[in-house]
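*Asks:* sequence plus the predicted model coming up.
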Amino acid sequence: MRVRRFEWAGAKETAAAIRAWTEEAAPPVDVSAIERDIRDGGDEALLRLTNRFDAVEVPLDSLRVERDEARAALAALPLDLRESLELAAANVRAVAEAQIDEAKREVRLSHEQSVTVREVAVGAAGIYAPGGRAAYPPSVLMCAIPARVAGVDRLALASPPGPDGSAHPLVLAAAALCEVDEVYAMGGAQAIFALSYGTETIVPVDVVAGPGNAWVREAKRAVSGVVGIDSLAGPSELMVLADAGVEPDWAALDLCAQAEHGGEGPLAAVATDAGVLGAIEAATLRVAGERPAIGDASLALVQAPNAGEAIELANAFAPEHLELLVEDATTLAGRSTTAGCVFVGNYGATAFGDYVAGSNHVLPTGGAGRFSGPLGPHVFRRKISTVEVSADAAAKLAPHVDRIARAEGFPVHGESAMIRVEKGSE
(Lines give C-alpha, C1' and ligand atoms only; values in the text may rest on other atoms or scores of the structure.)
Protein backbone atom coordinates (compact mmCIF):
# COMPACT_ATOMS: atom_id res chain seq x y z
CA MET A 1 0.00 0.00 0.00
CA ARG A 2 1.27 3.46 -0.93
CA VAL A 3 0.94 5.96 1.90
CA ARG A 4 1.58 9.70 1.86
CA ARG A 5 0.97 12.44 4.38
CA PHE A 6 -0.24 15.73 2.97
CA GLU A 7 0.50 19.05 4.60
CA TRP A 8 -2.59 21.20 5.00
CA ALA A 9 -2.74 23.79 2.22
CA GLY A 10 -6.41 24.70 2.36
CA ALA A 11 -9.39 22.47 1.57
CA LYS A 12 -9.44 22.89 -2.22
CA GLU A 13 -5.68 22.80 -2.61
CA THR A 14 -5.25 19.70 -0.45
CA ALA A 15 -8.09 17.90 -2.24
CA ALA A 16 -6.49 18.65 -5.62
CA ALA A 17 -3.12 17.41 -4.39
CA ILE A 18 -4.64 14.10 -3.22
CA ARG A 19 -6.42 13.61 -6.56
CA ALA A 20 -3.23 14.33 -8.51
CA TRP A 21 -1.18 11.93 -6.40
CA THR A 22 -3.65 9.04 -6.63
CA GLU A 23 -4.03 9.50 -10.38
CA GLU A 24 -0.26 9.23 -10.93
CA ALA A 25 -0.43 5.44 -10.64
CA ALA A 26 -3.41 5.08 -12.99
CA PRO A 27 -2.45 4.00 -16.52
CA PRO A 28 -3.73 6.12 -19.41
CA VAL A 29 -6.99 4.84 -20.86
CA ASP A 30 -8.04 5.30 -24.50
CA VAL A 31 -11.19 3.46 -25.58
CA SER A 32 -11.53 4.96 -29.06
CA ALA A 33 -10.10 1.91 -30.88
CA ILE A 34 -12.54 -0.40 -29.07
CA GLU A 35 -15.40 1.94 -29.95
CA ARG A 36 -14.49 1.84 -33.66
CA ASP A 37 -14.21 -1.95 -33.56
CA ILE A 38 -17.67 -2.43 -32.07
CA ARG A 39 -19.37 0.12 -34.32
CA ASP A 40 -17.75 -1.29 -37.47
CA GLY A 41 -17.43 -4.98 -36.63
CA GLY A 42 -20.53 -5.76 -34.57
CA ASP A 43 -20.76 -9.28 -33.18
CA GLU A 44 -17.50 -10.45 -34.75
CA ALA A 45 -15.54 -7.66 -33.09
CA LEU A 46 -17.39 -8.11 -29.79
CA LEU A 47 -16.53 -11.82 -29.66
CA ARG A 48 -12.91 -11.14 -30.59
CA LEU A 49 -12.50 -8.45 -27.93
CA THR A 50 -14.26 -10.52 -25.28
CA ASN A 51 -11.96 -13.46 -25.98
CA ARG A 52 -8.99 -11.10 -25.79
CA PHE A 53 -9.76 -8.90 -22.79
CA ASP A 54 -11.95 -11.06 -20.54
CA ALA A 55 -9.35 -13.81 -20.17
CA VAL A 56 -11.60 -16.66 -21.25
CA GLU A 57 -9.84 -19.97 -21.78
CA VAL A 58 -12.25 -21.35 -24.36
CA PRO A 59 -13.17 -19.66 -27.66
CA LEU A 60 -16.63 -18.13 -27.47
CA ASP A 61 -19.14 -18.22 -30.29
CA SER A 62 -22.02 -16.54 -28.44
CA LEU A 63 -22.33 -14.10 -25.54
CA ARG A 64 -26.06 -14.41 -24.84
CA VAL A 65 -26.90 -16.29 -21.64
CA GLU A 66 -30.32 -17.95 -21.69
CA ARG A 67 -32.76 -16.95 -18.94
CA ASP A 68 -33.17 -20.56 -17.82
CA GLU A 69 -29.50 -20.55 -16.83
CA ALA A 70 -30.08 -17.54 -14.58
CA ARG A 71 -33.16 -19.13 -13.00
CA ALA A 72 -31.18 -22.31 -12.37
CA ALA A 73 -28.40 -20.32 -10.74
CA LEU A 74 -30.91 -18.66 -8.40
CA ALA A 75 -32.49 -22.00 -7.52
CA ALA A 76 -29.06 -23.48 -6.78
CA LEU A 77 -28.08 -20.82 -4.23
CA PRO A 78 -27.70 -21.91 -0.60
CA LEU A 79 -30.83 -20.86 1.24
CA ASP A 80 -29.04 -18.48 3.61
CA LEU A 81 -27.28 -16.69 0.75
CA ARG A 82 -30.54 -16.39 -1.16
CA GLU A 83 -32.20 -14.95 1.95
CA SER A 84 -29.46 -12.31 2.20
CA LEU A 85 -29.78 -11.36 -1.47
CA GLU A 86 -33.54 -11.12 -1.13
CA LEU A 87 -33.12 -8.86 1.92
CA ALA A 88 -30.78 -6.61 -0.05
CA ALA A 89 -33.20 -6.57 -2.98
CA ALA A 90 -36.15 -5.68 -0.75
CA ASN A 91 -34.28 -2.79 0.86
CA VAL A 92 -33.04 -1.42 -2.48
CA ARG A 93 -36.58 -1.68 -3.87
CA ALA A 94 -38.08 0.14 -0.88
CA VAL A 95 -35.63 3.04 -1.23
CA ALA A 96 -36.16 3.16 -5.01
CA GLU A 97 -39.95 3.19 -4.71
CA ALA A 98 -39.75 6.08 -2.25
CA GLN A 99 -38.07 8.17 -4.95
CA ILE A 100 -40.88 7.98 -7.50
CA ASP A 101 -42.83 11.24 -7.61
CA GLU A 102 -46.35 11.79 -8.82
CA ALA A 103 -46.77 10.47 -12.34
CA LYS A 104 -48.44 13.61 -13.65
CA ARG A 105 -48.27 17.30 -12.69
CA GLU A 106 -50.55 19.82 -14.38
CA VAL A 107 -50.04 23.58 -14.06
CA ARG A 108 -52.81 25.97 -15.06
CA LEU A 109 -51.29 29.30 -16.06
CA SER A 110 -52.54 32.88 -16.10
CA HIS A 111 -53.54 33.05 -19.77
CA GLU A 112 -55.61 29.84 -19.56
CA GLN A 113 -53.01 27.60 -21.16
CA SER A 114 -51.87 24.51 -19.28
CA VAL A 115 -48.54 22.72 -19.10
CA THR A 116 -48.41 19.16 -17.86
CA VAL A 117 -45.08 17.59 -17.00
CA ARG A 118 -45.14 13.83 -16.71
CA GLU A 119 -42.49 11.19 -16.39
CA VAL A 120 -42.16 8.06 -18.50
CA ALA A 121 -39.65 5.26 -18.35
CA VAL A 122 -37.12 4.74 -21.10
CA GLY A 123 -37.79 1.71 -23.25
CA ALA A 124 -34.62 -0.26 -22.59
CA ALA A 125 -31.73 -0.10 -20.14
CA GLY A 126 -28.33 -1.74 -20.22
CA ILE A 127 -26.81 -2.72 -16.88
CA TYR A 128 -23.13 -3.36 -16.30
CA ALA A 129 -22.02 -5.57 -13.42
CA PRO A 130 -18.22 -5.70 -13.03
CA GLY A 131 -16.16 -8.87 -12.86
CA GLY A 132 -12.52 -9.79 -12.74
CA ARG A 133 -11.49 -9.75 -9.08
CA ALA A 134 -14.88 -10.97 -7.89
CA ALA A 135 -18.52 -11.44 -8.80
CA TYR A 136 -20.77 -8.46 -8.13
CA PRO A 137 -24.36 -9.62 -7.65
CA PRO A 138 -25.17 -6.51 -5.56
CA SER A 139 -24.43 -4.32 -8.60
CA VAL A 140 -27.14 -6.22 -10.48
CA LEU A 141 -29.62 -5.47 -7.68
CA MET A 142 -28.56 -1.82 -7.41
CA CYS A 143 -29.13 -1.23 -11.14
CA ALA A 144 -31.92 -3.59 -12.12
CA ILE A 145 -34.30 -2.87 -9.24
CA PRO A 146 -34.39 0.93 -9.71
CA ALA A 147 -34.85 0.35 -13.45
CA ARG A 148 -37.81 -1.96 -12.81
CA VAL A 149 -39.27 0.46 -10.26
CA ALA A 150 -38.91 3.20 -12.88
CA GLY A 151 -40.98 1.10 -15.30
CA VAL A 152 -38.36 0.05 -17.84
CA ASP A 153 -39.69 -2.70 -20.12
CA ARG A 154 -36.44 -4.30 -21.27
CA LEU A 155 -33.34 -4.90 -19.15
CA ALA A 156 -30.10 -6.17 -20.68
CA LEU A 157 -27.24 -7.15 -18.37
CA ALA A 158 -23.56 -7.36 -19.34
CA SER A 159 -21.00 -8.92 -17.03
CA PRO A 160 -17.54 -10.34 -17.81
CA PRO A 161 -17.34 -14.10 -18.35
CA GLY A 162 -15.13 -16.35 -16.28
CA PRO A 163 -12.27 -18.42 -17.73
CA ASP A 164 -14.76 -20.98 -19.07
CA GLY A 165 -16.69 -18.29 -20.93
CA SER A 166 -19.72 -18.44 -18.63
CA ALA A 167 -21.30 -15.69 -16.58
CA HIS A 168 -20.76 -16.06 -12.84
CA PRO A 169 -23.56 -18.05 -11.15
CA LEU A 170 -24.03 -15.38 -8.46
CA VAL A 171 -24.51 -12.72 -11.11
CA LEU A 172 -26.98 -14.96 -12.92
CA ALA A 173 -28.85 -15.64 -9.69
CA ALA A 174 -29.17 -11.92 -9.03
CA ALA A 175 -30.34 -11.41 -12.63
CA ALA A 176 -33.05 -14.02 -12.14
CA LEU A 177 -34.07 -12.45 -8.83
CA CYS A 178 -34.53 -9.11 -10.63
CA GLU A 179 -36.16 -10.67 -13.71
CA VAL A 180 -33.55 -9.32 -16.12
CA ASP A 181 -34.61 -10.01 -19.71
CA GLU A 182 -31.24 -10.54 -21.39
CA VAL A 183 -27.81 -11.49 -20.07
CA TYR A 184 -24.58 -11.24 -22.04
CA ALA A 185 -21.27 -12.67 -20.86
CA MET A 186 -19.10 -9.73 -21.92
CA GLY A 187 -17.19 -7.06 -20.09
CA GLY A 188 -15.08 -3.96 -20.37
CA ALA A 189 -15.39 -1.05 -22.76
CA GLN A 190 -16.57 -3.35 -25.54
CA ALA A 191 -19.66 -4.28 -23.50
CA ILE A 192 -20.59 -0.62 -23.04
CA PHE A 193 -20.21 0.09 -26.75
CA ALA A 194 -22.18 -3.03 -27.71
CA LEU A 195 -25.09 -2.05 -25.46
CA SER A 196 -25.01 1.52 -26.74
CA TYR A 197 -24.62 1.01 -30.49
CA GLY A 198 -26.00 -2.52 -30.82
CA THR A 199 -24.65 -5.40 -32.88
CA GLU A 200 -26.31 -8.00 -35.09
CA THR A 201 -27.63 -9.82 -32.01
CA ILE A 202 -27.79 -7.05 -29.37
CA VAL A 203 -30.50 -4.43 -29.73
CA PRO A 204 -29.20 -1.05 -28.49
CA VAL A 205 -30.55 0.36 -25.24
CA ASP A 206 -31.52 3.90 -24.21
CA VAL A 207 -29.59 4.15 -20.93
CA VAL A 208 -26.43 2.42 -19.71
CA ALA A 209 -25.83 2.21 -15.96
CA GLY A 210 -23.50 0.49 -13.57
CA PRO A 211 -20.03 0.73 -12.05
CA GLY A 212 -16.77 -0.45 -13.59
CA ASN A 213 -13.08 0.15 -13.98
CA ALA A 214 -11.42 3.03 -15.80
CA TRP A 215 -12.09 1.42 -19.20
CA VAL A 216 -15.79 1.11 -18.46
CA ARG A 217 -15.89 4.68 -17.15
CA GLU A 218 -14.22 6.09 -20.27
CA ALA A 219 -16.51 4.06 -22.55
CA LYS A 220 -19.52 5.52 -20.74
CA ARG A 221 -18.06 8.98 -21.19
CA ALA A 222 -17.68 8.29 -24.92
CA VAL A 223 -21.29 7.13 -25.43
CA SER A 224 -22.89 9.83 -23.29
CA GLY A 225 -25.23 11.61 -25.69
CA VAL A 226 -25.73 8.48 -27.80
CA VAL A 227 -27.39 6.94 -24.75
CA GLY A 228 -28.06 8.23 -21.28
CA ILE A 229 -25.65 7.21 -18.54
CA ASP A 230 -26.03 7.19 -14.78
CA SER A 231 -22.70 8.77 -13.87
CA LEU A 232 -18.99 8.31 -14.46
CA ALA A 233 -18.71 5.66 -11.76
CA GLY A 234 -15.13 4.46 -11.84
CA PRO A 235 -12.78 2.87 -9.28
CA SER A 236 -14.07 2.85 -5.69
CA GLU A 237 -13.17 5.68 -3.29
CA LEU A 238 -13.44 6.23 0.46
CA MET A 239 -12.62 9.19 2.70
CA VAL A 240 -12.77 8.68 6.47
CA LEU A 241 -13.09 11.60 8.88
CA ALA A 242 -12.11 10.48 12.38
CA ASP A 243 -11.62 11.86 15.87
CA ALA A 244 -10.39 10.51 19.21
CA GLY A 245 -13.45 8.26 19.55
CA VAL A 246 -12.60 6.21 16.47
CA GLU A 247 -11.71 2.53 16.61
CA PRO A 248 -8.54 2.47 14.45
CA ASP A 249 -9.02 -1.18 13.46
CA TRP A 250 -12.58 -0.45 12.30
CA ALA A 251 -11.40 2.45 10.16
CA ALA A 252 -8.56 0.32 8.79
CA LEU A 253 -10.92 -2.47 7.75
CA ASP A 254 -13.26 0.07 6.13
CA LEU A 255 -10.40 1.52 4.08
CA CYS A 256 -9.01 -1.86 3.10
CA ALA A 257 -12.47 -3.16 2.19
CA GLN A 258 -12.72 -0.54 -0.55
CA ALA A 259 -9.18 -1.44 -1.67
CA GLU A 260 -10.48 -4.96 -2.42
CA HIS A 261 -12.01 -3.46 -5.58
CA GLY A 262 -8.52 -2.65 -6.88
CA GLY A 263 -5.70 -0.24 -6.34
CA GLU A 264 -6.89 2.51 -8.66
CA GLY A 265 -9.36 4.25 -6.32
CA PRO A 266 -8.09 6.73 -3.74
CA LEU A 267 -8.41 6.17 -0.01
CA ALA A 268 -8.04 9.00 2.49
CA ALA A 269 -8.06 9.39 6.26
CA VAL A 270 -8.54 12.85 7.77
CA ALA A 271 -8.26 13.81 11.43
CA THR A 272 -7.53 16.92 13.44
CA ASP A 273 -5.29 15.00 15.85
CA ALA A 274 -1.91 13.64 14.75
CA GLY A 275 -2.17 10.71 17.18
CA VAL A 276 -5.50 9.60 15.69
CA LEU A 277 -4.06 9.81 12.19
CA GLY A 278 -1.01 7.79 13.21
CA ALA A 279 -3.15 5.09 14.81
CA ILE A 280 -5.28 4.73 11.65
CA GLU A 281 -2.14 4.61 9.48
CA ALA A 282 -0.56 1.86 11.59
CA ALA A 283 -3.75 -0.19 11.74
CA THR A 284 -4.36 0.14 7.99
CA LEU A 285 -0.83 -0.93 7.08
CA ARG A 286 -1.16 -3.92 9.39
CA VAL A 287 -4.53 -4.97 7.95
CA ALA A 288 -3.31 -4.48 4.38
CA GLY A 289 -0.15 -6.48 5.07
CA GLU A 290 -2.19 -9.41 6.36
CA ARG A 291 -4.52 -9.44 3.35
CA PRO A 292 -2.81 -9.92 -0.03
CA ALA A 293 -6.00 -9.06 -1.92
CA ILE A 294 -5.65 -5.42 -0.90
CA GLY A 295 -2.97 -4.83 -3.54
CA ASP A 296 -1.37 -1.48 -4.26
CA ALA A 297 -3.98 0.92 -2.95
CA SER A 298 -3.08 4.55 -2.28
CA LEU A 299 -3.80 5.96 1.19
CA ALA A 300 -3.64 9.71 1.74
CA LEU A 301 -3.34 11.02 5.29
CA VAL A 302 -4.33 14.58 6.17
CA GLN A 303 -4.27 16.45 9.49
CA ALA A 304 -6.92 19.15 9.21
CA PRO A 305 -6.90 22.26 11.42
CA ASN A 306 -10.40 21.60 12.76
CA ALA A 307 -13.61 19.66 12.06
CA GLY A 308 -15.02 22.46 9.89
CA GLU A 309 -11.97 22.44 7.62
CA ALA A 310 -12.11 18.63 7.51
CA ILE A 311 -15.65 18.65 6.12
CA GLU A 312 -14.68 21.39 3.66
CA LEU A 313 -11.85 19.14 2.47
CA ALA A 314 -14.41 16.37 1.95
CA ASN A 315 -16.65 18.75 0.01
CA ALA A 316 -13.74 19.81 -2.19
CA PHE A 317 -12.63 16.21 -2.77
CA ALA A 318 -16.18 14.88 -3.40
CA PRO A 319 -15.48 11.25 -2.44
CA GLU A 320 -17.66 8.41 -3.59
CA HIS A 321 -18.05 7.28 0.04
CA LEU A 322 -17.59 9.48 3.10
CA GLU A 323 -17.47 7.96 6.58
CA LEU A 324 -17.92 10.29 9.56
CA LEU A 325 -16.37 8.36 12.45
CA VAL A 326 -16.64 11.37 14.71
CA GLU A 327 -18.65 12.75 17.61
CA ASP A 328 -21.91 14.39 16.52
CA ALA A 329 -21.57 12.81 13.09
CA THR A 330 -25.23 13.47 12.28
CA THR A 331 -24.76 17.23 12.48
CA LEU A 332 -21.57 17.06 10.43
CA ALA A 333 -23.36 14.93 7.81
CA GLY A 334 -25.71 17.81 7.11
CA ARG A 335 -22.71 19.87 6.03
CA SER A 336 -21.60 17.31 3.43
CA THR A 337 -22.64 18.53 -0.02
CA THR A 338 -20.70 16.52 -2.63
CA ALA A 339 -20.13 12.97 -1.34
CA GLY A 340 -21.87 10.18 -3.21
CA CYS A 341 -23.04 8.60 0.04
CA VAL A 342 -22.39 9.61 3.66
CA PHE A 343 -22.09 7.01 6.43
CA VAL A 344 -22.81 8.38 9.89
CA GLY A 345 -21.11 7.27 13.10
CA ASN A 346 -18.77 4.47 14.12
CA TYR A 347 -21.22 1.74 13.13
CA GLY A 348 -21.82 3.12 9.65
CA ALA A 349 -19.35 1.06 7.65
CA THR A 350 -19.44 1.60 3.90
CA ALA A 351 -19.83 -2.17 3.52
CA PHE A 352 -23.44 -1.90 4.71
CA GLY A 353 -24.20 0.46 1.82
CA ASP A 354 -22.36 -1.82 -0.59
CA TYR A 355 -24.77 -4.66 0.14
CA VAL A 356 -27.89 -4.45 2.28
CA ALA A 357 -28.61 -0.99 3.73
CA GLY A 358 -30.91 -0.09 0.84
CA SER A 359 -28.93 2.91 -0.40
CA ASN A 360 -27.49 2.52 -3.87
CA HIS A 361 -23.81 1.71 -4.21
CA VAL A 362 -23.53 2.97 -7.79
CA LEU A 363 -22.12 6.39 -6.98
CA PRO A 364 -20.17 9.16 -8.71
CA THR A 365 -16.38 8.94 -8.47
CA GLY A 366 -13.46 11.07 -9.55
CA GLY A 367 -15.04 14.17 -8.04
CA ALA A 368 -18.24 13.84 -10.10
CA GLY A 369 -20.28 14.13 -6.91
CA ARG A 370 -20.10 17.87 -7.46
CA PHE A 371 -22.77 17.50 -10.15
CA SER A 372 -24.28 14.02 -9.89
CA GLY A 373 -25.52 11.61 -7.25
CA PRO A 374 -26.51 8.00 -6.55
CA LEU A 375 -28.16 5.85 -9.17
CA GLY A 376 -31.92 5.74 -8.75
CA PRO A 377 -35.14 5.41 -10.74
CA HIS A 378 -34.65 8.93 -12.14
CA VAL A 379 -31.77 7.62 -14.27
CA PHE A 380 -34.26 5.46 -16.18
CA ARG A 381 -37.04 8.03 -16.54
CA ARG A 382 -37.45 11.13 -18.63
CA LYS A 383 -39.84 14.04 -18.48
CA ILE A 384 -42.30 15.01 -21.21
CA SER A 385 -44.09 18.34 -21.30
CA THR A 386 -47.58 18.57 -22.82
CA VAL A 387 -48.88 22.04 -23.70
CA GLU A 388 -52.59 22.77 -24.22
CA VAL A 389 -53.50 26.20 -25.64
CA SER A 390 -57.15 27.09 -26.08
CA ALA A 391 -58.40 29.63 -28.64
CA ASP A 392 -58.76 32.24 -25.89
CA ALA A 393 -55.26 31.54 -24.59
CA ALA A 394 -53.84 31.76 -28.11
CA ALA A 395 -55.46 35.16 -28.60
CA LYS A 396 -53.85 36.44 -25.42
CA LEU A 397 -50.41 34.88 -25.92
CA ALA A 398 -49.85 35.28 -29.68
CA PRO A 399 -49.02 39.01 -29.63
CA HIS A 400 -46.32 38.33 -27.05
CA VAL A 401 -44.87 35.55 -29.18
CA ASP A 402 -44.95 37.78 -32.25
CA ARG A 403 -43.24 40.64 -30.47
CA ILE A 404 -40.43 38.51 -29.05
CA ALA A 405 -39.95 36.51 -32.26
CA ARG A 406 -39.57 39.59 -34.44
CA ALA A 407 -37.12 41.15 -31.97
CA GLU A 408 -35.16 37.91 -32.07
CA GLY A 409 -35.09 37.89 -35.87
CA PHE A 410 -37.45 34.94 -36.37
CA PRO A 411 -40.62 36.56 -37.79
CA VAL A 412 -42.12 33.29 -39.03
CA HIS A 413 -42.37 32.15 -35.42
CA GLY A 414 -44.56 35.17 -34.81
CA GLU A 415 -46.66 34.47 -37.91
CA SER A 416 -47.12 30.88 -36.71
CA ALA A 417 -48.68 32.15 -33.49
CA MET A 418 -50.60 35.10 -34.94
CA ILE A 419 -52.37 33.07 -37.64
CA ARG A 420 -54.26 31.31 -34.83
CA VAL A 421 -55.62 34.66 -33.70
CA GLU A 422 -56.48 35.85 -37.22
CA LYS A 423 -58.24 32.60 -38.15
CA GLY A 424 -60.01 32.54 -34.81
CA SER A 425 -61.35 36.08 -35.24
CA GLU A 426 -62.67 35.22 -38.70
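*Replies:* That came through fine. Residues are numbered from 1 along each chain as shown.
*Asks:* pop the domain breakdown of this protein in here.
*Replies:* 2-26+235-355, 32-103+123-233, 389-425 (automatic domain parsing).
*Asks:* same list (the ones you listed) but as a markdown table, adding mean pLDDT.
*Replies:* Putting those into a markdown table (pLDDT from 0 to 100) gives the following:
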| stretch | mean pLDDT |
| --- | --- |
| domain 2-26+235-355 | 93 |
| domain 32-103+123-233 | 92 |
| domain 389-425 | 91 |
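*Asks:* give me the number of residues near Asp207?
*Replies:* Just to correct that, residue 207 is Val rather than Asp. Other residues lying near Val207 total 24 when counted by other CB atoms under 10 Å. For the C-beta atoms, the positions are set from N, CA and C on the backbone; glycine is no exception.
*Asks:* what's the closest non-adjacent residue to it?
*Replies:* Gly228 (4.1 Å; CB to CB, 6 or more residues apart in numbering).
*Asks:* host element of the one you found?
*Replies:* Assessed by DSSP states H and E, Gly228 sits inside strand 228-229.
*Asks:* and Ala282, by the same measure?
*Replies:* helix 274-290.
*Asks:* who are the contact partners of Glu106?
*Replies:* Ser114, Val115, Thr116 (CB atoms under 8 Å, 6 or more residues apart in numbering).
*Asks:* tell me if it really is in a strand.
*Replies:* Yes. Glu106 forms part of a strand when assessed by DSSP: H, G, I helix; E, B strand; the rest coil.
*Asks:* tell me the bridge partners for it.
*Replies:* For Glu106, the beta-bridge partners are Thr116 (DSSP bridges).
*Asks:* and the gap between it and Val387?
*Replies:* 11 Å (CB to CB, to the nearest Å).
*Asks:* now do the shared contacts for these two.
*Replies:* Between them, Glu106 and Val387 share the contacting residues Ser114, Val115, judged by CB under 8 Å, 6+ apart.
*Asks:* can I get the domains of the chain in CSV including distance to Ser110?
*Replies:* As requested, those are arranged in CSV below (distance: least, CB to CB, whole Å):
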stretch, distance to Ser110
domain 2-26+235-355, 36
domain 32-103+123-233, 23
domain 389-425, 9
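*Asks:* for Pro377, find the nearest of those.
*Replies:* Minimum separation from Pro377 across those (CB to CB) falls at domain 32-103+123-233, 3.9 Å.
*Asks:* show me how far the closest one is from its chain's centre.
*Replies:* 13 Å (CA atoms, centre = their mean, to the nearest Å).
*Asks:* just the helices in the stretch 201-350 of the chain please.
*Replies:* 214-223, 248-259, 274-290, 307-317, 329-333, 350-355 (DSSP state H, counting those that start in this stretch).
*Asks:* quick one: which of those helices is nearest Asp61?
*Replies:* Among those, helix 214-223 sits nearest to Asp61 (CB to CB), with 23.8 Å.
*Asks:* count the residues that sit near Glu24.
*Replies:* Neighbours of Glu24 (other CB under 10 Å): 8.
*Asks:* distance of it relative to Asp296?
*Replies:* Distance of Glu24 to Asp296, given as CB to CB: 12 Å.
*Asks:* repeat for Ala282
*Replies:* Using CB to CB, Ala282 is found at 19 Å from Asp296.
*Asks:* show the contacting residues for the nearest residue to Phe380 once chain neighbours are set aside.
*Replies:* Nearest-residue entry for Phe380: Ala150, 3.8 Å, with adjacent residues in sequence omitted and distances by CB to CB, 6+ apart. For Ala150, the contact set (CB under 8 Å, 6+ apart) comprises Ala96, Ile100, Ala121, Val122, Pro377, His378, Val379, Phe380, Arg381.
*Asks:* residue boundaries of the helices in the stretch 1-150 of the chain?
*Replies:* 11-24, 32-53, 67-75, 79-97, 137-150.
*Asks:* and these, which is most packed in?
*Replies:* When the helices of the stretch 1-150 of the chain are scored by mean count of other CB atoms under 10 Å, the highest mean neighbour count falls to helix 137-150 (a mean of 27).
*Asks:* mind listing what the helix or strand just after it pairs with, with the direction of each?
*Replies:* Note on helix 137-150: by DSSP H and E, the next helix or strand toward the C-terminus is strand 154-159. Take DSSP bridges as the rule and strand 154-159 pairs in its sheet with strand 124-128 (parallel), strand 182-185 (parallel).
*Asks:* what sits against Ile71?
*Replies:* Slight slip there: residue 71 is Arg, not Ile. Ala176.
*Asks:* relative to Arg154, how far out is it?
*Replies:* Arg71 is 18 Å from Arg154, by CB to CB.
*Asks:* how about Ala318?
*Replies:* In terms of CB to CB, Ala318 sits 33 Å off from Arg154.
*Asks:* tell me which of the two has more neighbours.
*Replies:* Ala318 (25 against 16).
*Asks:* so who does the closest residue to Ala135 other than its chain neighbours touch?
*Replies:* Distance criterion CB to CB, 6+ apart; nearest residue to Ala135, sequence neighbours excluded, is His168 at 4.0 Å. By CB under 8 Å, 6+ apart, the contact set of His168 is Gly131, Ala135, Ser159, Gly162.
*Asks:* any idea which residue sits dead centre in this protein?
*Replies:* Val362 (3.6 Å; CA atoms, centre = their mean).
*Asks:* verify the stated contact: that residue with Gly376.
*Replies:* No. Counting by CB atoms under 8 Å, Val362 does not reach Gly376; the two are 9.1 Å apart.
*Asks:* buried residues, stretch 372-390. List them.
*Replies:* Across stretch 372-390, burial judged by 16 or more other CB atoms under 10 Å covers Ser372, Gly373, Pro374, Leu375, Gly376, Pro377, His378, Val379, Phe380, Arg381, Val389.
*Asks:* wait, what's in contact with Lys383?
*Replies:* Val117, Arg118, Glu119.
*Asks:* return the member of the residues you listed nearest to Thr330.
*Replies:* Of all these, Thr330 sits closest to Glu119, with 32.2 Å by CB to CB.
*Asks:* who's in contact with the closest residue in space to the closest one that isn't next to it in sequence?
*Replies:* Leaving aside its chain neighbours, Glu119 sits nearest to Arg381 (4.8 Å; criterion: CB to CB, 6+ apart). Taking CB under 8 Å, 6+ apart as the criterion, Arg381 is in contact with Glu119, Val120, Ala121, Val122, Ala150, Gly151.
*Asks:* of all pairs in those residues, which one is the farthest apart?
*Replies:* Most distant of the contacts of Arg381, by CB to CB, are Glu119 and Val122, 10.6 Å apart.
*Asks:* which neighbours do the two have in common?
*Replies:* With CB under 8 Å, 6+ apart, Glu119 and Val122 have common neighbours Arg381, Arg382.
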